[in-house]
Structures are given as C-alpha cells and as structure tokens.
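**Student:** Just to be clear, the model below is a prediction. Sequence and coordinates:
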Amino acid sequence: MSAASAKILQEELEKKNVTLVAVSKTKPAQMIQELYDVGIKDFGENRPQEMAEKYELLAKDIKWHMIGNLQKNKVKYIAPFVHLIHSVTSAALLKTINKEAAKNERDIDVLIQIKIAEEDSKSGLDIEEAKELIKEINEGIYPHVNVRGYMGMATFTDDKDQVRSEFKELKSTGDTLAQLLGQNENYSDSDPVLSMGMSGDFEIAIEEGANMVRIGSLLFGSR
C-alpha cells in the first residue's frame, strides 16, 4: 500500500473513532518515515531493542506501541518513551513496568491482554486471571501504571464466524473488566481502549467494537 493510500485508510478509520497503529516491526526506519510524512504517528513494534533504535532515529512525536510479548528484563529499553504497552499478561510484568516508570519519572499506559484465540501460541489472561490482576491494581500498588483498556488476538483462520465470535467475547470481557476497574477513580477511563483486529480481520473487529487496530502487512507488505 502506498503512503497516500495508508493516509486514506487512516482518515477512514478516524471517522469511526478508530486509531490506526501501523505495525512496523522488522521494517526499516525509512519506511516508517514515509508513513510519518503523511501524518501517521502510531507505530507498533514487538522487539524492545529494535523499538529503542528506531526511537533514536525518528521524530520524537511518534507514539510507539509495544505489541508483542514483553520480557521483564527488556522493559528498561522502552520505559523512557513508550506510548502504550499492549501486552500485559502478569502481575510480575506490571510490577516491573511500574518500577521502570518510576525510575523515568513518568507513568506508563498499558493494556491487559486477554486470550480469546484457540492457538496456544497466542498468550493472554482469562477473565478470572484478569479480575485478580485488576484487584491488585485497585489496591494501588502500581501507582506509575495506567490501565487504558484491553487487547486480544483472534485465531488465525478463514472462518470469519469464529473470528467474529472471539471479538465479541473480548468486547464483552473488556466491558466487564472496565466496570471493575472503574470502581477505582484513579484508573477509570470514559473511553477504554479495545485493541483488536489486524490486516486480515480489522473490519470485523471494528464492527464488534474495536477502537484501535494493529495493521502491518496491509500497509508495509509481507515480512
């Protein structure tokens, strides 16, 4: 997709109040710059060191999204600047993010990753595990972390009904968890983020309530 076409897609999504995160993992800085030049400023990476390298090379008003599994010992590489971490799956990771945020004298926004796919390769919490994590959050032990919402990935399948069903499940789970989180005024958010949908299924995701989509191959081509 050309940069001009990517800009048109972004504008179409903005009309629906959906944020486009351009998944730039493995792509060179020059390709990111081309999209930045037409006004796209949200980019997603899955390797902390690669994200940090690109941060140094590119404009500082880019909003960097950590979208892959994040190891605790890698949080330090992105803590000074990351815009949103999509993949919180444990209290241990949240504790590390909170510690690194404090070191950098800032708060870090995160999403709780919920498992909706059948594939074992896709991680995330079930609803009961997420409730336990929110209980800890509501106790105020992560003062430098802001939970902005929820993320999930559907099963990689041609069965659109299954994909739609999984997105419906995430929307329902997210609504339930948002109510629990909203009981703590420090974390309440009138418009929680629901990050779901990628190049092959983002249209279904939007129909089912996504307000953030992560699109890579459609914008940049196959890896």
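**Tutor:** Yep, it's here. Residues are numbered from 1 along each chain as shown.
**Student:** K160 against I204, yeah?
**Tutor:** Yes - counting by C-beta atoms under 8 Å, K160 touches I204, with 6.4 Å between them. In short, each C-beta sits where N, CA and C put it, glycine included.
**Student:** between those two, which one's more packed in?
**Tutor:** For K160 and I204, the more surrounded residue by other C-beta atoms under 10 Å is I204, and the numbers stand at 19 against 13.
**Student:** List phi and psi for that one.
**Tutor:** I204 has phi and psi values of phi -60, psi -40 when expressed as degrees, to the nearest 10.
**Student:** do you know how far it is from K7?
**Tutor:** From I204 across to K7, the span is 23 Å (C-beta to C-beta, to the nearest Å).
**Student:** where does the residue nearest in space to the middle of the chain land in three-state SS?
**Tutor:** Centroid check for the chain by C-alpha atoms, centre = their mean gives H86 as the closest residue, at 3.2 Å. Following DSSP: H, G, I helix; E, B strand; the rest coil, H86 is assigned to strand.
**Student:** Wait, it touches N46, no?
**Tutor:** No - with contacts counted by C-beta under 8 Å, H86 stays clear of N46, the gap being 9.6 Å.
**Student:** all strands for this structure, in order.
**Tutor:** 19-23, 42-45, 63-66, 84-88, 108-113, 145-151, 193-195, 212-215 (DSSP state E).
**Student:** Poorly predicted segments of this structure, please.
**Tutor:** 119-121, 183-190, 222-223 (pLDDT under 70).
**Student:** one more time with 50, if that's ok
**Tutor:** Applying pLDDT under 50 to the chain flags no residue at all.
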